[in-house]
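Undergrad: What would the 3D arrangement of this be:
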Amino acid sequence: MAGLGVAGCHHGDEHPGTYQGIVELEERALGFPVGGRLREVKVDEGDAVAADQLLAALDDRLEQTARQASAHEASAARAQAELVRAGARQEEIRALAAEVEAARAAEDLAKTNLEREARLLSAGATTRAAVDQLAGRQRAASAERRAAEQKLRSLRGGARAQEVEGAEARAGAAAAGENLASQRVDLYHLHAPVAGVVLDVVARSGEVVAAGGPVVVIADPTHPYADVFVPEGEVTRVAVGQPAGVEVDGEPRRMRGVVEHIARRTEFTPRFIFSESERPNLVVRVRIRIDDPEQRLRAGIPAFVTLGGAR
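TA: Predicted structure coming up:
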């Protein structure tokens, strides 16, 4: 597509047939999602930063303590779940089996004493109360023996499915709590979402910042943009993705760009571009994203754009 021109957009005779705009950087004002006291700011204005680089950190001592507590709880819950799944140890089974044998012996002794006392009662050599007392002891010994046997059977059979599920659910809940505590600690660390340059440091170490308040402002200087203003009668010849050529004063080479966005509404021509007689014209704002890997451009300088391809 041939380059589109606008009368009155000239910069003297140096940039005929171009649309004029101002180079801008995509600024990102970064802050913490939580409030707190700044422990450290690790960058200064003008520093180049890499994507995911740590920029600043809040005092997170309380959150670190909470995370450690959650980690201990999760570890204990996992150990308990493993213990339930593993079942009883052989030592525990043997010890309980010995208790069962002792309970049986106690029951046999109580039965023998009761039988002997019953014979004495028949011979008139003892009292009914003595027999009744030994009968109670025999019933108690029998109950203790049955309880020990039931406990031994349960121990040998291992944990029930419901017990295993319950232990695993408690372990899962504890692990989720540990993960949540770790995520909260992460909120106290501010990382660069993209590579760029620090434009401003708004807050310093020791200051208290509110949640969402700006701490560091960064921008990607390799991809600035310029908004140009196309008369409404010509905007139908502009399309997103269309190549563009960008010229700036002091740069001998024309830079490459691409149409990134076309506004959905018209506006009047900005004061800094046209003469007073042309300002009432209705235009459409078109954003040109510029490829500047060498970072030659600076924000605020005029840009002159030819749509339809760079020469």
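
Undergrad: C-alpha only now, for contacts and for neighbours.
TA: Fine.

Undergrad: max-length strand in this structure?
TA: Counting residues, the longest strand found in the chain (DSSP state E) is strand 255-268.

Undergrad: Any buried residues in that one, and which?
TA: Using 16 or more other CA atoms under 10 Å as the test for burial, strand 255-268 gives Met255, Arg256, Gly257, Val258, Val259, Glu260, Ile262, Glu267.

Undergrad: Kindly state the pLDDT recorded for the first one?
TA: This means Met255. At Met255, the pLDDT value in this model is 92.

Undergrad: related to what we said a few turns ago, any idea how far the longest strand of the chain is from the chain center?
TA: Here strand 255-268 is found 35 Å from its chain centre; the criterion is CA atoms, centre = their mean, to the nearest Å.

Undergrad: now for that strand, which elements pack on it?
TA: strand 243-247, strand 282-290 (3 or more CA pairs under 8 Å, 6 or more residues apart in numbering; DSSP states H and E).

Undergrad: Quick one: closest of the ones you listed to Ala95.
TA: strand 282-290 (79.1 Å; CA to CA).

Undergrad: how far does the very next helix or strand once past the closest one sit from the chain's center?
TA: Once strand 282-290 ends, the next helix or strand along the chain (criterion: DSSP states H and E) is strand 302-307. Distance of strand 302-307 from its chain centroid, counting by CA atoms, centre = their mean, is 42 Å.

Undergrad: got a list of what Val197 touches?
TA: Glu45, Gly46, Asp47, Ala48, Val49, Ile218, Ala219, Asp220, Pro221 (CA atoms under 8 Å, 6 or more residues apart in numbering).

Undergrad: three-state assignment of the residue most central in space within the chain?
TA: The centre of the chain sits closest to Gln183, judged by CA atoms, centre = their mean, with a distance of 5.4 Å. Secondary structure for Gln183, judged by DSSP: H, G, I helix; E, B strand; the rest coil, is helix.

Undergrad: What are the buried residues along the longest helix seen in the chain?
TA: In the chain, with assignment by DSSP state H, the single longest helix is helix 90-122. Within helix 90-122, the residues that qualify as buried are 93, 96-97, 99-100, 103-104, 106-107, 110-111, 113-114, 117-118, 121, counting by 16+ other CA under 10 Å.

Undergrad: those helices in the protein, which residues are they?
TA: 61-86, 90-122, 128-157, 161-186.

Undergrad: Gln53: which of the ones you listed is closest?
TA: Of all the helices of the chain, it is helix 161-186 that lies closest to Gln53, at 13.3 Å by CA to CA.

Undergrad: could you say what helices and strands that closest one packs with?
TA: helix 61-86.

Undergrad: Show me what the helix it packs on is packed against.
TA: helix 161-186.

Undergrad: What is the neighbour count of the nearest residue to Val23 once chain neighbours are set aside?
TA: The shortest distance from Val23 to any non-neighbouring residue, by CA to CA, 6 or more residues apart in numbering, is to Ala226 (4.7 Å). Applying other CA atoms under 10 Å, we find 27 residues neighbouring Ala226.

Undergrad: OK, contacts around Ala226?
TA: Going by CA under 8 Å, 6+ apart, Ala226 touches Gly21, Ile22, Val23, Glu24, Arg287, Ile288, Arg289, Ile290, Ala303.

Undergrad: and if we set it to 10 Å?
TA: 20-25, 246, 257, 259, 285-290, 299-305 (CA atoms under 10 Å, 6 or more residues apart in numbering).

Undergrad: What is the neighbour count of the residue nearest to Leu25 when sequence neighbours are not counted?
TA: Among residues not flanking Leu25 along the chain, Pro224 sits closest, at 4.7 Å (CA to CA, 6+ apart). Around Pro224 there are 22 other residues, counting by other CA under 10 Å.

Undergrad: unless I'm mixing things up, Pro224 is touching Val246, no?
TA: No - the criterion here is CA atoms under 10 Å, and Pro224 misses it with Val246 at 11.4 Å.

Undergrad: Quick one: low-confidence residue ranges for the stretch 201-311 of the chain.
TA: 271-280, 309-311 (pLDDT under 70).

Undergrad: Repeat the analysis, applying 80 as the threshold.
TA: 268-281, 308-311 (pLDDT under 80).

Undergrad: care to break the chain down by domain?
TA: By the assignment in automatic domain parsing, the chain contains the domains 19-26+221-307, 28-59+188-219, 66-183.

Undergrad: mind listing which of the contacts of Val197 are in strands?
TA: Counting by DSSP E, the part of the contacts of Val197 found in strands is Ala48, Val49, Ile218, Ala219.

Undergrad: Now those residues in a markdown table, please, with extra columns for neighbour count and distance to Asp60.
TA: Below are the ones in strands among the contacts of Val197 laid out as a markdown table (neighbours: other CA atoms under 10 Å; distance: CA to CA, whole Å):
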| residue | neighbour count | distance to Asp60 |
| --- | --- | --- |
| Ala48 | 16 | 26 |
| Val49 | 21 | 23 |
| Ile218 | 26 | 24 |
| Ala219 | 22 | 27 |
